[in-house]
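Asker: Build the 3D model from these lines:
(4 chains)
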Protein chains: 2
Amino acid sequence: MNPLDTLRRQKLDTDTPVCETCGSRVAGLCRPLDIAALDEISSESDQMSMPARATVFREGDPAGRVFTLIDGTAKLTRLLPDGKQQVVGFRYAGDIIGYTTKDTYPFDAELLTDARLCRLDRKNLAGLLGRYPALEHRLLDLCVQELAATQEQLVTVGRRTAEARVAAFLMSLVAARRRRGAVGRLLEMPMTRADIADFLGLTLETVSRTLTSFRRRGWIREPAHQRVELINLNAISSLAEGTADDAA
Amino acid sequence: MNPLDTLRRQKLDTDTPVCETCGSRVAGLCRPLDIAALDEISSESDQMSMPARATVFREGDPAGRVFTLIDGTAKLTRLLPDGKQQVVGFRYAGDIIGYTTKDTYPFDAELLTDARLCRLDRKNLAGLLGRYPALEHRLLDLCVQELAATQEQLVTVGRRTAEARVAAFLMSLVAARRRRGAVGRLLEMPMTRADIADFLGLTLETVSRTLTSFRRRGWIREPAHQRVELINLNAISSLAEGTADDAA
DNA sequence: CGGCGTTTTGAGTGCTTTCAAGACCGGTGG
DNA sequence: CCACCGGTCTTGAAAGCACTCAAAACGCCG
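Answerer: Numbering: from 1, shown residues only, chains lettered A, B, ... in the order given. Modelled structure (predicted):
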């Protein structure tokens, strides 16, 4: 992780006022707001807890609310007519879920773990957007980032082998964890093989076989349920990049 | 096409002032601007022509400019280390190309046809964004749309058979042409089999075979180079949706 | 301990790719 | 006018990678 980022994060934590709804970590929507705005957003939003497997909202529901994931992991999915599902992304603590300019949500959001969410009504958000232009800029920035990530995923799904896709997925877990400020090789992985498969455009059997193969090569370990340790990060990384060096 | 849309379009064409750089059609960035803003944007932007196969910008180039495609078609691609390319999208007349909140462009933009572009310096855009908040909202809206389209593409590439992907691509051509206000079954298709393949995560041979197969079934015709006529739109549509009814 | 969901593993199939060659088309120059 | 050329498209045959179907192992929880 870029040391500058760590510094900036710490600076934020001490200098910036705290969104009372979201709790101590200033993330999600609140990041660019000043004290007045935070007061306002705190009074208009509220916190909720939901259990694993709960559905936050469904594709097609009226998009009346925006959520910030305070804690936990969610998957975003689109359903196909034939019953298959495509996972379009995973969301982690600090991420915003369900913001759209349309009238309805474009995908399902389902929790993979118990989670806490910060909930804000769309009309309140609209008011805030009018009063705090920085917020709109923040949303645009997030949207651009999300677009880049989805395009990246498109490349992964469209042009890479099963092994490269799974490797890329593991690297994306590392990246997501870094964004949350943690480092190290031991990762939470709350998604099932089926979830991963639906994300990567593979079958769950292929994902299982590939992870087993990584394990046999000594690249990863799974010390507990829903935990992975990346032992040979180089090998995984170069496989993900397409630089198939078979790095020892 | 929704008749309401047509109405709204016509209303726009008569009521809205014209961006002098972009020409008579009010599209791209200019749509939400008032007369003062249009004056400003006209004086700060300029029009350029480029031939087919020209590169507008490359992935990694400093993102110093934003373009509106006045005329013509472009493809946006990301290059993989192994030399393969993934087409992340096509852009048509009226679309914006190259807007990002990052410092560098996230993909290559290459013209498929001779084209005219409206060019605007990023710093000028930043100024406009400050003065005209509606513009930022417009950009956000475009970004959300683009994100939805990319997720749609992810579903197509990740979970569908070759035939369904090609069918979905043909339907996307129809949709794109509708956005530009035209209707009918005869479409421009300026992309090569290889371009289509790189968009759909297939090989050019598979795309060719699939189109040939559609032709033999009487679903499409190709009356001229880079033109397709969709004869059995129902069949193509339901194949694209996954509703494989084999509709006669 | 039994039950259920998840994961692993195996065997066989099939869709798409790969490799290869020929056809087609438009443009160019003799 | 026509032959040639390069690029694009089509078609064929064979191979491969991931899928499908199937069953057993595992691990969690009541």
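Asker: from here on, contacts and neighbour counts on C-alpha atoms
Answerer: Noted.
Asker: now the strands for chain A?
Answerer: Assigned strands in chain A, in chain order: A:45-50, A:55-57, A:65-71, A:74-79, A:85-91, A:96-97, A:108-111, A:115-121, A:186-188, A:220-224, A:227-230 (criterion: DSSP state E).
Asker: Strand A:115-121 and the first one, what's the angle between them?
Answerer: On the basis of axes from the mean of the first three to the mean of the last three C-alpha atoms, to 10 degrees, strand A:45-50 is oriented at 140 degrees to strand A:115-121.
Asker: CA atoms only for strand A:45-50 - export them in CSV, please.
Answerer: Extracted C-alpha coordinates of strand A:45-50, given in CSV (Å, rounded to 0.1, in the frame of the first residue of the first chain):
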residue,chain,number,x,y,z
SER,A,45,-30.0,8.7,7.8
ASP,A,46,-30.3,5.8,10.1
GLN,A,47,-28.4,2.6,10.8
MET,A,48,-29.7,-0.9,10.4
SER,A,49,-28.5,-4.4,10.9
MET,A,50,-29.3,-7.3,8.6
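Asker: So which bits of it are buried?
Answerer: A:45-47 (16 or more other C-alpha atoms under 10 Å in any protein chain shown).
Asker: Of the strands of chain A, give the one that comes closest to residue A:202.
Answerer: strand A:85-91 (10.0 Å; C-alpha to C-alpha).
Asker: Could you confirm whether any residue of the closest one contacts DNA strand D?
Answerer: No: contact of strand A:85-91 with DNA strand D is not found when judged by C-alpha under 7 Å from any atom of the strand; the minimum separation is 12.0 Å.
Asker: Return the residues of chain A in contact with chain B.
Answerer: By C-alpha under 8 Å from any C-alpha of the partner chain, the part of chain A that sits against chain B consists of A:78, A:80-82, A:84, A:86, A:88, A:100-101, A:106, A:133, A:136-137, A:139-141, A:143-144, A:146-148, A:150-151, A:153-155, A:157-159, A:200-202, A:241-243.
Asker: and stretch A:130-150, which residues are buried?
Answerer: Residues A:133-144, A:146-148, A:150 are the ones in stretch A:130-150 that count as buried (16+ other C-alpha under 10 Å).
Asker: For that stretch, what does the pLDDT average out to?
Answerer: Confidence over stretch A:130-150 (mean pLDDT, whole number) is 90.
Asker: go on, stretch A:82-102?
Answerer: For stretch A:82-102, the per-residue pLDDT averages 93.
Asker: just how off-centre is it within its chain?
Answerer: For stretch A:82-102, the distance from its own C-alpha centre to the chain's C-alpha centre is 8 Å (C-alpha atoms, centre = their mean, to the nearest Å).
Asker: What of stretch A:105-112?
Answerer: Here stretch A:105-112 shows a centroid-to-chain-centroid distance of 12 Å under the convention C-alpha atoms, centre = their mean.
Asker: can you tell me if it touches DNA strand C.
Answerer: No: legend: contact between stretch A:105-112 and DNA strand C by C-alpha under 7 Å from any atom of the strand is lacking; minimum distance shown is 10.1 Å.
Asker: And for stretch A:61-78?
Answerer: No: looking at stretch A:61-78 against DNA strand C by C-alpha under 7 Å from any atom of the strand, there are no contacts, and the closest approach is 13.7 Å.
Asker: List the buried residues of that stretch.
Answerer: Of the residues in stretch A:61-78, those scored as buried under the neighbour-count criterion (16+ other C-alpha under 10 Å) are A:63-78.
Asker: Tell me the residues on chain A that lie near DNA strand C, please.
Answerer: With C-alpha under 7 Å from any atom of the strand as the criterion, chain A comes near DNA strand C at residues A:191-194, A:204-209, A:211-212, A:226.
Asker: Which residue ranges make up the domains of chain A?
Answerer: For chain A, the domain assignment from automatic domain parsing gives the residue ranges A:3-142, A:160-241.
Asker: Name the residues of stretch A:77-95 that come out as buried.
Answerer: Buried residues in stretch A:77-95 (16+ other C-alpha under 10 Å): A:77-78, A:80, A:85-95.
Asker: With stretch A:198-218 instead?
Answerer: Applying 16+ other C-alpha under 10 Å to stretch A:198-218 flags A:198-204, A:206-208, A:210-212, A:214 as buried.
Asker: residues in contact with it?
Answerer: When contacts are defined by C-alpha atoms under 8 Å, 6 or more residues apart in numbering or on different chains, stretch A:198-218 is touched by residues A:85-89, A:156-157, A:162-163, A:165-166, A:169, A:193-197, A:220-221, A:231-232, B:157-159.
Asker: Quick check: residue A:63 touching residue A:105?
Answerer: Yes: at 5.2 Å, residue A:63 counts as touching residue A:105 under the criterion of C-alpha atoms under 8 Å.
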